[in-house]
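Chemist: Structure for the following, please:
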Amino acid sequence: MKFGIDRLISEPALQAELQGRRVALLAHPASVTADLTHSIDALAAIPGVRLTAAFGPQHGMKGDLQDNMMETPDETDPVHDIPVFSLYGEVRRPSGQSMTTFDIILIDLQDVGCRIYTFVTTLLYVLEAAAEHGKTVWVLDRPNPAGRPVEGLTLRPGWESFVGAGPMPMRHGMTLGEMGLWFIDHFKLKVDYRVIEMQGWEPEAAPGYGWPLSERSWINPSPNAPNVSMTRAYAGTVMLEGATLSEGRGTTRPLELFGAPDIDARAVIAEMKSLAPDWIKGCILRDMWFQPTFHKHVGQLCNGVQIHVDDPHYDHAAFKPWRVQALAFKAIRRLYPDYDLWRDFPYEYAFGKLPIDVINGSPLLREWVDDADATPADLDALTQPDEAAWIEVRRPFLLY
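Modeler: Numbering: from 1, shown residues only. This next block holds a predicted model:
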């Protein structure tokens, strides 16, 4: 198969449309061609293509900053001698100054298929800036490694943030190129936009179900996205960023596990199975121990649960990561009613709101966890209409 960048560097007709235009690239470490050449180098090697600027999203072009809310400065690319503007530093939206450095911006970002992953919001901000300044945007499309399934509550009005660009569920099931089409329609943007579509992407094909495991190497698009298993679990485990439980940062399997020094993982798994056995299908939950080398519970021995979503334990159609993690929170609340579960700090600079609510785009998930009388059926009653509605909303924008 071919990703968007591979088509661009192999199709003279596409390259011809860049001739005579100042070209910018929005990219990160996973922005590579089939032979693992970084996109900035591949573009610079095309005769007649004039690269004049680059942009980096959260974690930067280098992807070197481990934690969230660590900002990247602007810099100059040492190889190509062009400015590299940070979209996660002094600004989150492209500045007017940076918008004067190009005519067309190519977006080549590997996404993971989750609303909270900030590359989605960065795409929206670039589209809005391009509409304002009359610039052209091409998305060089890449796979959604989590595939097409949809899950989670829709972000409610008033809860928009850098981890919530618009009214979509946590697991949206779209590619970044498709998401751009929806953004333009939903926010009524007038922008010259094009998706350089992939060729041969089969999101329902085993064993990758979104990621072509046998054809492409996985490269971390952010420091704690080390493999495809993480992308499958992430729509649930990302909620741990709003909880006091460790999500495995500081271990070699971040965002595939959860735990703390003061929980009994076997008891948590048993409670989850008792409460909603249908919610934990498609994966294996294994109790384990870990000691984070940094971040939450650093240096402490934690009892935890690893969510196994690799062969032979993975059922793509059955696995519901958001519900798995919601159920884990519920089990812990039932086992330890007074557990200090929710963190309280301005997550992604959203002041006055609990991080777990910012992450979910409303207080509904937290309120369900904390309500002693609320059942799994109650959360399904809230969530299933959102999921069904999104499947219809996104339908006109699917390209594959």
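Chemist: so residue 285 touches residue 271, yeah?
Modeler: No - because the distance of 11.2 Å does not satisfy Cβ atoms under 8 Å, residue 285 is recorded as not touching residue 271. In this view, the C-beta of every residue, glycine as well, is placed from N, C-alpha and C.
Chemist: Who has more neighbours out of those two?
Modeler: Neighbours were counted for residue 285 and for residue 271 using other Cβ atoms under 10 Å; residue 285 has more, 22 against 19.
Chemist: mind listing the strands for the stretch 51-200 of the chain?
Modeler: Secondary structure of the stretch 51-200 of the chain (DSSP state E, counting those that start in this stretch): strands at 75-76, 83-86, 104-108, 136-140, 192-196.
Chemist: need the least confident one among the ones you listed, by mean pLDDT.
Modeler: Lowest mean pLDDT of the strands of the stretch 51-200 of the chain: strand 75-76, a mean of 90.
Chemist: State the paired neighbours of that strand in the sheet, together with their directions.
Modeler: Strand partners for strand 75-76, identified by DSSP bridges, are recorded as strand 83-86 (antiparallel).
Chemist: which other helices and strands contact the one helix or strand residue 234 maps to?
Modeler: With secondary structure defined by DSSP states H and E, residue 234 is part of helix 228-237. The helices and strands touching helix 228-237, judged by 3 or more Cβ pairs under 8 Å, 6 or more residues apart in numbering; DSSP states H and E, are strand 302-308, helix 321-335.
Chemist: Distance from it to the middle of the chain?
Modeler: In terms of Cα atoms, centre = their mean, to the nearest Å, the centre of helix 228-237 is set 9 Å apart from its chain centre.
Chemist: just stretch 370-381 next, same as before
Modeler: The chain centroid and the centroid of stretch 370-381 are separated by 27 Å, computed with Cα atoms, centre = their mean.
Chemist: Secondary structure class of residue 258, three-state.
Modeler: When the structure is split into helix, strand and coil by DSSP: H, G, I helix; E, B strand; the rest coil, residue 258 lands in strand.
Chemist: In contact with it, which residues?
Modeler: With contact taken as Cβ atoms under 8 Å, 6 or more residues apart in numbering, residue 258 is in contact with 237, 240, 243, 245, 246, 247, 248, 304, 305, 325, 328.
Chemist: how much space is there between the nearest residue to the fifth one once chain neighbours are set aside and residue 251?
Modeler: Right, the one you point to is residue 246. The spatially closest residue to residue 246, leaving aside those adjacent along the chain, is residue 296, at 4.5 Å (Cβ to Cβ, 6 or more residues apart in numbering). Residue 296 sits 11 Å away from residue 251 when distances are taken as Cβ to Cβ, to the nearest Å.
Chemist: With residue 95 instead?
Modeler: Summarising the geometry, the distance separating residue 95 from residue 251, computed by Cβ to Cβ, is 37 Å.
Chemist: ranking the contacts of residue 258 by neighbours, who comes first?
Modeler: That'd be residue 328 among those, by other Cβ under 10 Å, with 30 neighbours.
Chemist: I figured that residue was touching residue 273, is that so?
Modeler: No - taking contacts as Cβ under 8 Å, residue 328 lies outside contact range of residue 273: 11.4 Å.
Chemist: any weak-confidence spans in the stretch 301-400 of the chain?
Modeler: Applying pLDDT under 70 to the predicted model, the stretch 301-400 of the chain contains no residue that meets it.
Chemist: Just the helices from the protein, written as ranges.
Modeler: All helices of the chain, identified by DSSP state H, fall at 4-10, 12-16, 39-44, 96-99, 119-133, 176-186, 228-237, 265-275, 321-335, 355-360, 364-370, 376-394.
Chemist: just checking, what packs against the fifth one?
Modeler: For helix 119-133, the helices and strands in contact under the criterion 3+ Cβ pairs under 8 Å, 6+ apart are helix 96-99, strand 104-108, strand 136-140, helix 176-186, strand 192-196.
Chemist: ditto for the longest one
Modeler: Under the contact criterion of 3+ Cβ pairs under 8 Å, 6+ apart, helix 376-394 touches helix 176-186, helix 321-335, helix 364-370.
Chemist: For it, what is the distance to the chain centroid?
Modeler: Relative to its parent chain, helix 376-394 has a centroid offset of 20 Å by Cα atoms, centre = their mean.
Chemist: now the angle between strand 302-308 and the helix holding residue 234, please.
Modeler: When axes from the mean of the first three to the mean of the last three Cα atoms, to 10 degrees is applied, the directions of helix 228-237 and strand 302-308 differ by 120 degrees.
Chemist: nearest spatial neighbour of residue 5, skipping sequence neighbours?
Modeler: residue 140 is the one closest to residue 5 (Cβ to Cβ, 6+ apart), at 4.6 Å.
Chemist: For the residue nearest the centre of the chain, what are phi and psi?
Modeler: Nearest residue to the geometric centre of the chain (Cα atoms, centre = their mean): residue 117, 3.0 Å. When read as degrees, to the nearest 10, the backbone of residue 117 gives phi -70, psi 120.
Chemist: give the contact list for it.
Modeler: Taking Cβ under 8 Å, 6+ apart as the contact definition, residue 117 lies against 111, 163, 222, 234, 238.
Chemist: Could you report the neighbour count for the nearest residue to the first one once chain neighbours are set aside?
Modeler: Leaving aside its sequence neighbours, residue 111 sits nearest to residue 176 (Cβ to Cβ, 6+ apart; 4.8 Å). Residues within reach of residue 176, counting by other Cβ under 10 Å, total 25.
Chemist: do you know how far residue 176 is from residue 137?
Modeler: 11 Å.
Chemist: now residue 238
Modeler: Between residue 238 and residue 137 the distance is 27 Å, computed by Cβ to Cβ.
Chemist: Equivalent analysis for residue 211, please.
Modeler: The spacing between residue 211 and residue 137, counted by Cβ to Cβ, is 25 Å.
Chemist: and residue 283, how many neighbours?
Modeler: 23.
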